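>>> Requesting a structural model of the entry that follows:
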Amino acid sequence: MADPRGRSDAYAGVDDAGYGSGYDETDDAFGLEIAPAQVTGSGADELERAAEAALRPRRLEEFVGQRVVRDQLSLVLQAALGRGTAPDHVLLSGPPGLGKTTLAMIIAAELGASLRVTSGPAIQHAGDLAAVLSSLEEGEVLFIDEIHRLARPAQELLYVAMEDFRVDVVVGKGAGASAIPLSLPRFTVVGATTRAGLLPAPLRDRFGFTGHLDFYSADELERVLTRSAGLLGAELAGEAAAELASRSRGTPRIANRLLRRVRDWAQVRGDGSLDLRAARAALDVYEVDILGLDRLDRAVLTALCVRFAGGPVGLTTLAVTVGEEPETVETVAEPFLVREGLVGRTPRGRVATPAAWRHLGLTPPADSATLFS
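Below you'll find the model as predicted:
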């Protein structure tokens, strides 16, 4: 747990994405707080992050999926341990809920180091970051979630700290001000971002290793679910695991969330067994369909297909129609709908694809194929 200076061990007080989690994920995806009814949203609030903490793997060999990133990261850590030095700074990017915070915790555990946790939105002034950096100890891991949201002065201070392991403390004001260089012990920054394109090039270049996390396959999610069920003290039937994996949007956080909802249904309305019947019944209660779409997703598709004849329609108009903020539609619902080929983005606005019409049980218009042109 955190001491008076804000230190934490490798597992305390953390949240982000991964098997139980994410910070972001107000994680976010991009700083938005996901409403509880949106059970397939990839963000996580404080209560969920606490529930997910027990499900996170604590070593690289326990981490399911992301084989390429896992192997590359293992090589970086083993080489650093062999040399007896702190490893290069690590940048982890990818959509929310895939394991960025989990990997940060694992890095600290593999190095036998403590983990300091903060986030970009929490550091609005260079002095805030200087206070954190000046209290770091030798070999400590500093995890900065949503690092793309650091204030510009803090970014510039971080450049020097990451490269030269020093910070310049300004004493005094006006013409009499002077900068006193303060040496820092060698430490490792682990940055996590859902929007790598927003990182300035000077900051991005100071990371010695960059790993991009991809969505999980159904087989990988089944393994995640089986492991999580065991940690929860429940036995998950193979058919139920496959059903949950197919509706989890390729995201472990969502898979674990659905697993907990199935466990609730089995406890309250079933016989306690986490079988296929319980899985399907629970998913029906929470309105998660066979593609993993929830209420908001289907509302967007229905508005496009029924009210606007397939589009194109502007984002603001679409958001007003479904009763949500434009940012919610754009960051929560739209990424998955576009990735699944149900919605297209054109210069004129959003359009529904023939697959969207068929998913709603509707017949696409004859000219639907020309909407993208």
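>>> helices or strands next to the helix or strand harbouring Val320 in the packing?
Following DSSP states H and E, the helix or strand that holds Val320 is helix 315-322. Secondary-structure packing of helix 315-322 (3 or more Cβ pairs under 8 Å, 6 or more residues apart in numbering; DSSP states H and E): helix 295-302, helix 326-328, strand 349-352. Every C-beta, even on glycine, is put in place using the N, C-alpha and C of the backbone.
>>> What segments of this structure are strands?
For the chain, the strands defined by DSSP state E occupy 90-93, 115-119, 141-145, 166-171, 178-183, 188-193, 209-212, 343-346, 349-352.
>>> Of those, which is nearest Gly311?
strand 349-352 (3.7 Å; Cβ to Cβ).
>>> Tell me the gap between that closest one and the middle of its chain.
Relative to its chain's centre, strand 349-352 lies at 26 Å (Cα atoms, centre = their mean, to the nearest Å).
>>> List the buried residues of it.
Buried residues in strand 349-352, counted by 16 or more other Cβ atoms under 10 Å: 349-352.
>>> and the closest residue to Ala240 other than its chain neighbours, how many neighbours does it have?
Of all residues not flanking Ala240 in the chain, Ala279 sits nearest, at 4.0 Å (Cβ to Cβ, 6 or more residues apart in numbering). Residues lying near Ala279 (other Cβ atoms under 10 Å) number 26.
>>> thought Ala279 was touching Glu243?
Yes. Applying Cβ atoms under 8 Å, one finds Ala279 in contact with Glu243, separated by 4.7 Å.
>>> In the stretch 201-350 of the chain, where is pLDDT below threshold?
For the stretch 201-350 of the chain, no stretch has pLDDT under 70.
>>> beta partners for Arg345?
Arg350 (DSSP bridges).
>>> Give me the distance between it and Leu283.
According to Cβ to Cβ, to the nearest Å, Arg345 and Leu283 sit 28 Å apart.
>>> Same drill for the two, tell me which one is more crowded.
More neighbours surround Leu283 than the other of Arg345 and Leu283, with 23 against 15 (other Cβ under 10 Å).
>>> Next, count neighbours for the nearest residue to the more buried one once chain neighbours are set aside.
Closest residue to Leu283 apart from its sequence neighbours, by Cβ to Cβ, 6+ apart: Arg247 at 6.3 Å. Neighbour count of Arg247, defined by other Cβ under 10 Å: 22.
>>> by how many degrees do the helix holding Val320 and helix 295-302 diverge?
110 degrees (axes from the mean of the first three to the mean of the last three Cα atoms, to 10 degrees).
>>> Contacts only, for Trp265.
278, 281-282, 285 (Cβ atoms under 8 Å, 6 or more residues apart in numbering).
>>> Run through the residues that contact Glu324.
Leu296.
>>> What of the one 5 residues further on?
Contacts of Val329 were listed using Cβ under 8 Å, 6+ apart, and they are 296, 300, 315, 318-319, 322.
>>> just to revisit the earlier point, what would the strands of the chain look like in JSON lines with distance to Leu129?
Formatted as JSON lines, the strands of the chain follow (distance: least, Cβ to Cβ, whole Å):
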{"stretch": "strand 90-93", "distance to Leu129": "17"}
{"stretch": "strand 115-119", "distance to Leu129": "8"}
{"stretch": "strand 141-145", "distance to Leu129": "9"}
{"stretch": "strand 166-171", "distance to Leu129": "8"}
{"stretch": "strand 178-183", "distance to Leu129": "13"}
{"stretch": "strand 188-193", "distance to Leu129": "11"}
{"stretch": "strand 209-212", "distance to Leu129": "21"}
{"stretch": "strand 343-346", "distance to Leu129": "36"}
{"stretch": "strand 349-352", "distance to Leu129": "39"}
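>>> picking that back up, out of the contacts of Val329, which are buried?
296, 300, 318-319, 322.
>>> Can you pick out the most distant pair from those residues?
Leu296 and Leu318 (11.4 Å).
>>> I'd like to know how many residues surround Ala309.
13.
>>> The chain should start at 19 in everything you say after this.
Sounds good: first residue 19 from here, last item Ala327.
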